[in-house]
Each structure stands twice: as C-alpha cells, then as structure tokens.
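> next come a sequence and a model predicted from it.
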Amino acid sequence: MSLLPSLMPETGRRVDEIAARAQAEGRTPSFALAVVRDRAVLHQSFAGEHPRPDAKTQYRLGSITKTMTATMVMQLRDEGFFALDDLLYRHLPGTPIGGVTLRQLLGHVSGLQREPDGPWWERATGGDVDKLLADLGYDKIAGPPFRRFRYSNLAYGLLGAVLERVTGESWQTLVGKRVLDPLGMKRTTYAPVEPFARGYVVHALGGTMHEEPRLDSGAMAPAGQLWSTITDMAKWAAFWTDPAPAVLSRETVDEMCAPVVISDLESWTSGHGLGPQLFRVGERVFVGHGGSMPGYVAHLAVHRRSRLGVIAFANAYGLRGTGIKQVSLETLSTVLDAEPAPPPEPWQPPAPPAGEAAALVGRWWWMGRDYEVTAVGEALEMTGPQHWSRFTREAPDRWRGVDGDNEGEVLAVLRDPEGEVDRLDIATFVFSRDPAHLA
C-alpha cells in the first residue's frame, strides 16, 4: 500500500496558516514552508511578495551546511582516512588548538569559542584555509572539552580544513562530488543561482529593508555557505530517513543522529549529534539543523520514524516575535498529530530457517520468562518481555548483536555432549528450552 501523496485538506490548511502567520507577524519579505516525505513534497506554502517564492527559488541555508560537512567527515572516516578520535594536530600540524578531537568538533563539545578571528565572517569575504589556521591562538579555547555544549562555527571551519588537507581537494569540490551530485541536488550551489531570494535585515522601527551582501565565506564555507531550494532539501530530508548507500550507510547515519551532548540540561529539549541537531517536542525527537546568514534564516527538521520532514526558509535576518525553529517544529508536530500513521507493510510468510538458525528458532526461557527466537532473512531476532534484539552470524555457534537491547554483545550457542543445541549464552545470561531454567 502506498502512502498518500499529499496531506489531508485540513492539515494542509493548518500548515498554510502557520506559514501566513510566520510571514506576517515575523515581518519577513517572503516565507517558504514545505512538508516532505521520501523525497516528495507533500505540501508547500508560500507567503510574501519580495520575491514571490516557489519550490525552485533558492534561499541561503546557513548552518544547515554543517550537516553536509559532517556527512563528508563521516564518509572519510568510513573510508579509513582518519578516526573520529584523532587529535586535530594529526591532520593540521602546528595548530595551537590541536588537542581537540574530530568527534568533539563535530558535536560542539571541543571547548572552542564560537567564531574565528577577524571581522564577523558572515559579513566579510572569507580568507583561505592558511589564513584561518594562521589566526588561531590558544585563546580560542574557551573551556575544556566535553565540559558543556558550546556551539562553534570555528569548529566546522576546521573540519573543512581537515577535509581539504586529507583529500587535496577544496571543500567546494568535495561537497559537490560527495553529497550533492550523488543525491541529485542540482539546485544546491556554492553561490546563488537565479532565481534566488535577496536577503534583508528588516528594521524593527518602521520595517525598512536593508539588502545584505552575498559574500563568499572562504575557509568558513563549511559552516554556512550553501544555497538551496525546497525541491532539493526534500532530497536532503529523505537522506536522514532513508540513507543513500552511495553517500553513507544507514549505520553511519544512525551514529550521527545519536546524541553526543544535551545542550539544555534543564529541560532536555535539544541536543547535538555528530552533525545534526536534535529537537525534542513532547515524546518525539526530531533531527535536523537550523541556519542563518545575514539576510536569511532556514530550518530543516525530520521525524525519522515517520519519514516526514519540514523545510522553512525566510529572507530576513530573523523573524519578529518568534524563530524559524519554532515555526518548523510547530509545523512538523501539527502534521504528525493530524495525519494518519503510515500503513504497515503487508505481512509475508517467512522463509524456513536454514543451517544453524534452524536449530535456534523457537521458544527459550530465562528466569521464568519466555523469549521467542525467529529467523529474519539471514539474521535472528529475539523478542521477550520489553526486549528485542537482532543478531547476525559471525562464526559457527557465534552470533553478534547488531541492533536492539543486545547490540554489540555475543550470542554463543552451547551444545550438549552429543553436539545438539542445548542453551544460548548472551553476555553471561543463559537461556534454556526448559521453562524451569533459572540461570
């Protein structure tokens, strides 16, 4: 059964209201809002006349760019170029802040201050990597690593420098070749390409608009340079729910979306993974990122389980009385609350287990509780009271937990003197076919 290609009319009307309110009350020249699923735009709402946007109008992404930089770091990690726990000086020798790790830089727990030296990089033509590194000093360390969340644009400038040094290619070339081209994001570009929305600062007194310059961020481009459209960002949203193997494996994307740090320790509503930001609204956790550059704000939020995402763009440097993150999260929560859950996949009878798995399926007991082992393809799944684990075979009588409660643990098959399967040992917890077994 296929999913609906659009939202229900009432849900779409509520999304339209959110977009209209954000544009009018936020006092932004134009506003674009879209709900997406599986690379498809389910609903789009546009408000404002400067310009009158559509799905192919470019806006500046700002720090959403960081998620693409992080993706390339993880690609090169998977390809063996480095480890995430490498110290920075290993790849940028001579830097006075080389004692932080790539993992700490990705998760904003390196202790580095927010910005590089010099004029405000977002409103200045950026220099090259050599200048960025030459301007570094010990004073850039604002605190010890992992003590607390400290958002750092400088950290992502340095990650971009690492990418360039280990590959010998510019960040601009790498992001096109490694991310944008494989995903077919043809309207996501380093510099704006018509049609694009001009960006403004809207003055609080009188609403006068000042057009902002659109500058090349140079060595800080990995932190916020790119421009994109709703159509292209639908593909980027889909990447976080259904990763393209040509870019990253699902396992690596899952790793990126796991929390490195909680950024508000009072309410636990936001955190950061290895690139993506994490947002908790009620009992749901979304992944994505916000972005701002002079004249623009943007936001991407994705609910991975439902494969739904929201993209929001405005060509003003902030929304009056609210924030684009709040608009984005309100929209995604509204859609999730209103729309029916995706239908389940049709049940198919499983293939009969073969080989060693055939002797392991069925009911097992531990401490008076029953557990069911089933074969799913070449894997085994164990379910029980508040328990689920998946295992894959590593060697005869040895299976490795790859998901669920026993991820990483070993399932050892124990045999009796006649060589028949007798018990299962999972990390010293021994399961038996005997209901009275209490080991």
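Right, received. Where do you want to start? A quick note: this is a predicted structure, and the numbers were derived from the prediction, not measured.

> where are the low-confidence patches of the stretch 201-350 of the chain?
Counting by pLDDT under 70, not a single residue of the stretch 201-350 of the chain qualifies.

> need phi/psi at His299.
phi -150, psi 140 (degrees, to the nearest 10).

> what's near enough to touch it?
By C-beta atoms under 8 Å, 6 or more residues apart in numbering, His299 lies in contact with 64, 288-291, 310-312, 324-325, 327-328. Backbone N, C-alpha and C define where each C-beta goes, glycine included.

> inside helices: which ones of those residues?
Among these, the ones falling in helices (DSSP state H) are 324-325, 327-328.

> give me the buried subset of those.
Buried members of the ones in helices among the contacts of His299, counted by 16 or more other C-beta atoms under 10 Å: 324-325, 327-328.

> may I ask which two of those residues are separated the most?
Lys325 and Val327 (7.3 Å; C-beta to C-beta).

> any chance you could map the helices in this protein?
Remark: helices assigned in the chain by DSSP H are 9-26, 65-78, 102-106, 129-134, 153-167, 171-175, 221-224, 230-241, 250-257, 324-338.

> what mean pLDDT does the fourth one get?
By that I understand helix 129-134. The average pLDDT within helix 129-134 is 89.

> with only the CA atoms kept, save that helix in CSV.
C-alpha atoms of helix 129-134 as CSV (Å, rounded to 0.1, in the frame of the first residue of the first chain):
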residue,chain,number,x,y,z
VAL,A,129,42.5,27.8,5.0
ASP,A,130,46.0,29.0,5.6
LYS,A,131,44.8,32.3,6.9
LEU,A,132,42.2,30.6,9.1
LEU,A,133,44.9,28.5,10.7
ALA,A,134,47.4,31.3,10.9
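
> which other helices and strands contact that helix?
Counting contacts by 3 or more C-beta pairs under 8 Å, 6 or more residues apart in numbering; DSSP states H and E, helix 129-134 is packed against helix 153-167.

> which helices and strands sit right next to the helix it packs on?
helix 65-78, helix 102-106, helix 129-134, helix 171-175, helix 221-224.

> list the buried residues of the fourth one.
Of the residues in helix 171-175, those buried by neighbour count under the rule 16+ other C-beta under 10 Å are 171-172, 174-175.

> contact partners of that helix?
With contact meaning C-beta under 8 Å, 6+ apart, helix 171-175 is reached by 68-69, 72, 160, 163-164, 167, 190, 221-222, 226.

> alpha carbons of it, as PDB, please.
Output of helix 171-175 as PDB, limited to C-alpha atoms (Å, rounded to 0.1, in the frame of the first residue of the first chain):
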ATOM      1  CA  TRP A 171      35.600  21.800   0.200                       C
ATOM      2  CA  GLN A 172      33.500  23.200  -2.600                       C
ATOM      3  CA  THR A 173      34.600  20.400  -4.900                       C
ATOM      4  CA  LEU A 174      34.200  17.800  -2.300                       C
ATOM      5  CA  VAL A 175      30.600  18.700  -1.300                       C
END
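
> returning to that earlier point: make JSON lines out of the contacts of His299 and add distance to Gly207.
Shown next, in JSON lines, are the contacts of His299 (distance: C-beta to C-beta, whole Å):
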{"residue": "Ile64", "distance to Gly207": "27"}
{"residue": "Gly288", "distance to Gly207": "30"}
{"residue": "His289", "distance to Gly207": "29"}
{"residue": "Gly290", "distance to Gly207": "24"}
{"residue": "Gly291", "distance to Gly207": "23"}
{"residue": "Val310", "distance to Gly207": "27"}
{"residue": "Ile311", "distance to Gly207": "26"}
{"residue": "Ala312", "distance to Gly207": "21"}
{"residue": "Ile324", "distance to Gly207": "18"}
{"residue": "Lys325", "distance to Gly207": "23"}
{"residue": "Val327", "distance to Gly207": "19"}
{"residue": "Ser328", "distance to Gly207": "24"}
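
> can you name the residues that contact the residue positioned nearest the centre of the chain?
Nearest to the geometric centre of the chain sits Pro276, at 3.8 Å (C-alpha atoms, centre = their mean). Pro276 makes contact with 67, 70, 240, 256-257, 287-289, according to C-beta under 8 Å, 6+ apart.

> what about the nearest residue to Met382 once chain neighbours are set aside, how many neighbours?
Once flanking residues are discounted, Met382 sits nearest to Ser389: 4.7 Å by C-beta to C-beta, 6 or more residues apart in numbering. When neighbours are defined as other C-beta atoms under 10 Å, Ser389 has 22 of them.

> repeat for the one 5 residues further on
Under the neighbour criterion other C-beta under 10 Å, Glu394 is assigned a count of 11.

> so it makes contact with Gly408?
No - look at Glu394 against Gly408 with C-beta atoms under 8 Å: they stay out of range, at 12.0 Å.

> any common contacting residues for the two?
Common contact partners of Glu394 and Gly408 (C-beta under 8 Å, 6+ apart): Arg400.

> mind checking how far Val430 is from Arg13?
58 Å (C-beta to C-beta, to the nearest Å).

> quick one: which of these two has more around it?
Taking other C-beta under 10 Å, Val430 and Arg13 do not tie; Val430 has more neighbours (17 against 12).

> can I get stretch 68-83 in PDB, CA atoms only?
Extracted C-alpha coordinates of stretch 68-83, given in PDB (Å, rounded to 0.1, in the frame of the first residue of the first chain):
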ATOM      1  CA  MET A  68      26.800  18.200   4.800                       C
ATOM      2  CA  THR A  69      30.300  18.900   6.100                       C
ATOM      3  CA  ALA A  70      29.600  16.400   8.900                       C
ATOM      4  CA  THR A  71      28.500  13.800   6.300                       C
ATOM      5  CA  MET A  72      31.800  14.200   4.400                       C
ATOM      6  CA  VAL A  73      33.700  13.700   7.600                       C
ATOM      7  CA  MET A  74      31.900  10.500   8.300                       C
ATOM      8  CA  GLN A  75      32.400   9.300   4.700                       C
ATOM      9  CA  LEU A  76      36.200   9.800   5.000                       C
ATOM     10  CA  ARG A  77      36.100   8.100   8.500                       C
ATOM     11  CA  ASP A  78      34.300   5.100   6.900                       C
ATOM     12  CA  GLU A  79      36.900   5.100   4.100                       C
ATOM     13  CA  GLY A  80      39.800   4.900   6.500                       C
ATOM     14  CA  PHE A  81      41.200   8.400   6.100                       C
ATOM     15  CA  PHE A  82      41.100   9.000   9.900                       C
ATOM     16  CA  ALA A  83      39.400   8.100  13.100                       C
END
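
> buried residues of that stretch, list them for me.
In terms of neighbour count (16+ other C-beta under 10 Å), stretch 68-83 has its buried residues at 68-77.

> beta partners of the closest residue to the residue nearest to the centre of the chain other than its chain neighbours?
Once flanking residues are discounted, Pro276 sits nearest to Val287: 4.4 Å by C-beta to C-beta, 6+ apart. Counting by DSSP bridges, Val287 is bridged to Leu278, Val302.

> fine by me, thanks again.
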